[in-house]
Every structure is written in C-alpha cells, then in structure tokens.
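>>> After the sequence you'll find the predicted model.
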Amino acid sequence: MEEPVRRRLGGGRRFAWVDDEVNRFDRAYLKSLGLAAHFVRRVDASRGLTAEDFGVLRAWLEERADE
C-alpha cells in the first residue's frame with residue numbers, strides 16, 4: 001500500500017479492504033497502522049465479489065454503526 005493511501009486511512013474512520021491477493025503481510029501492515037477499525041476480506045479472483053462477500057461487509061459495518 002502506498003504512503004498517500006496510508007495517510008488517508010487515518011482519522012479514526014473505518015476501513016474495509018477487499019482484494020484477491022491479501023496475505024498475512026498485508027494484514028500485519030494494516031494492523032501496524034493503528035487504524036480505529038479495519039476489515040480485510042479476500043475474494044476469489046475467478047468469482048469476484050459475491051452476495052456473500054457483500055453480506056459479510058454489511059454485517060461488519062452494521063456492527064460498528066455507533067462507532
């Protein structure tokens with residue numbers, strides 16, 4: 001993740017990252033940023049985002065609606 005993107009992620013905002021190539025290093029990097037709330041979801045590149053993925057993202061956001 002490039003530095004300009006990293007700077008925009010601060011400020012206590014929630015952040016969801018959906019990608020087909022997420023690995024443990026990406027997860028560790030996001031954790032090291034000290035984001036208030038972040039969520040990482042790996043998707044299958046051959047299927048793209050599915051209804052299940054959107055449901056998981058929606059549930060994560062709804063759980064944090066009052067944050």
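Thanks, I have the structure now.
>>> Where does pLDDT dip in the chain?
Low-confidence segments of the chain, defined by pLDDT under 70: 1-12.
>>> Do a quick rundown of the helices in it.
Remark: helices assigned in the chain by DSSP state H are 3-8, 24-32, 51-63.
>>> For the residue sitting furthest away from the middle of the chain, give its distance to Phe54.
Relative to the centre of the chain, the most outlying C-alpha is that of Ser46, 19.7 Å out, by CA atoms, centre = their mean. The gap separating Ser46 from Phe54 is 17 Å, by CB to CB, to the nearest Å. In short, each C-beta sits where N, CA and C put it, glycine included.
>>> cool, and Arg14?
Distance, Arg14 to Phe54, using CB to CB: 16 Å.
>>> More neighbours: which of these two?
Using other CB atoms under 10 Å as the criterion, Arg14 and Phe54 rank with Arg14 on top: 15 against 12.
>>> thinking again about what came up before, the helices of the chain into JSON lines, with extra columns for distance to Arg41?
Supplementary listing: the helices of the chain in JSON lines, determined by distance: least, CB to CB, whole Å:
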{"stretch": "helix 3-8", "distance to Arg41": "17"}
{"stretch": "helix 24-32", "distance to Arg41": "11"}
{"stretch": "helix 51-63", "distance to Arg41": "6"}
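>>> Go through the ones you listed and name the closest to His38.
helix 24-32 (5.2 Å; CB to CB).
>>> Can you tell me which helices and strands that closest one packs against?
strand 14-19, strand 37-42 (3 or more CB pairs under 8 Å, 6 or more residues apart in numbering; DSSP states H and E).
>>> Who does the first one pair with, and is each partner parallel or antiparallel?
When sheet partners are counted by DSSP bridges, strand 14-19 sits next to strand 37-42 (parallel).
>>> Sounds good, over and out.
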